[in-house]
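Chemist: Structure of the sequence below:
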Amino acid sequence: MNNYSEIAYLFDLDGVIIDTEPQYDKFWSKAGKDYNSGVENLEKVIKGTTLPHIIARYFSHLSEEKQKELEAANHAFDLQLDTITIPGALEFLIESKKAGIKTGLVTSSDNAKLEAIFRKLPIRQYFDTVVSADRITSGKPNPMCYLLAAKDLNVSPENCYVFEDSFSGIASGNAAGMKVVGLSTTNPAETIRDKVWKEIPDFVGFSL
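Modeler: Numbers count the residues shown, from 1 in each chain. Below you'll find the model as predicted:
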């Protein structure tokens with residue numbers, strides 16, 4: 001039997017575990033226009049980044065009142081997300097846990113959103129650690145979040161496998177010195193293939 005005790009699987013959330021990216025595309029496309037971000041295809045540019053980063057970089061021209069209004073609209077949207085899972089994701093998580101592999105959820109989402117997600121989709125039990133936007137000071141593509149997860153699990157970065165879909169998330173995993181498995185759920189396979197250790201369309205047929 002293989003010894004998996006010295007490795008860790010670290011999962012992003014949106015676009016990796018749950019299929020929320022199309023929903024967020026609609027929200028941020030509209031928000032970008034309504035709040036005059038001045039950025040074409042904002043919904044694509046912000047993939048994998050934290051809400052504070054999005055507000056600071058693309059909506060700094062707004063008044064504090066308008067920024068808070070946008071934040072509130074985003075949080076309200078988080079609460080009504082459809083938590084449809086990526087094909088094969090739950091099965092792979094269960095298989096990983098049964099094999100004794102350490103697992104972590106590493107996401108740009110904040111705790112409030114995660115609590116709402118976990119109420120709808122009881123997956124917290126499958127993760128040995130959770131690194132959210134509330135635990136870091138620099139979001140993806142900075143490697144801080146993945147390095148923190150590795151530290152939590154007491155696993156060396158080179159023995160960690162990162163599952164990501166966004167360019168910023170892939171860059172974060174690579175910068176942390178980890179092996180990145182890229183899911184082509186958000187970006188076309190040909191655009192991420194040269195940036196990852198392995199590319200997969202989803203978790204169907206993908207096993208330990």
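Chemist: show me what contacts the spatially most central residue of the chain?
Modeler: The chain has D12 as the residue nearest its centroid, 3.3 Å off, counting by C-alpha atoms, centre = their mean. By C-beta atoms under 8 Å, 6 or more residues apart in numbering, D12 lies in contact with 48, 106-107, 162-166, 169. From N, CA and C alone the C-beta is placed, and that goes for glycine too.
Chemist: can you rerun that using 6 Å?
Modeler: 107, 164, 169 (C-beta atoms under 6 Å, 6 or more residues apart in numbering).
Chemist: Out of these, give me the one that has the most neighbours.
Modeler: Of all the contacts of D12, the highest neighbour tally under other C-beta atoms under 10 Å goes to G169, namely 32 neighbours.
Chemist: which SS class is the nearest residue to that one once chain neighbours are set aside?
Modeler: Excluding the flanking residues, the one nearest G169 by C-beta to C-beta, 6 or more residues apart in numbering is G48, at 4.2 Å. Of the three states, G48 takes coil under DSSP: H, G, I helix; E, B strand; the rest coil.
Chemist: so G48 touches S168, yeah?
Modeler: Yes. Assessed by C-beta atoms under 6 Å, G48 is found in contact with S168 at 3.7 Å.
Chemist: Give me the common contacts of the two.
Modeler: Common contacts of G48 and S168 (C-beta under 6 Å, 6+ apart): K140.
Chemist: Same drill for these two, tell me which one is more crowded.
Modeler: More crowded of G48 and S168, by other C-beta under 10 Å: G48, with 23 against 20.
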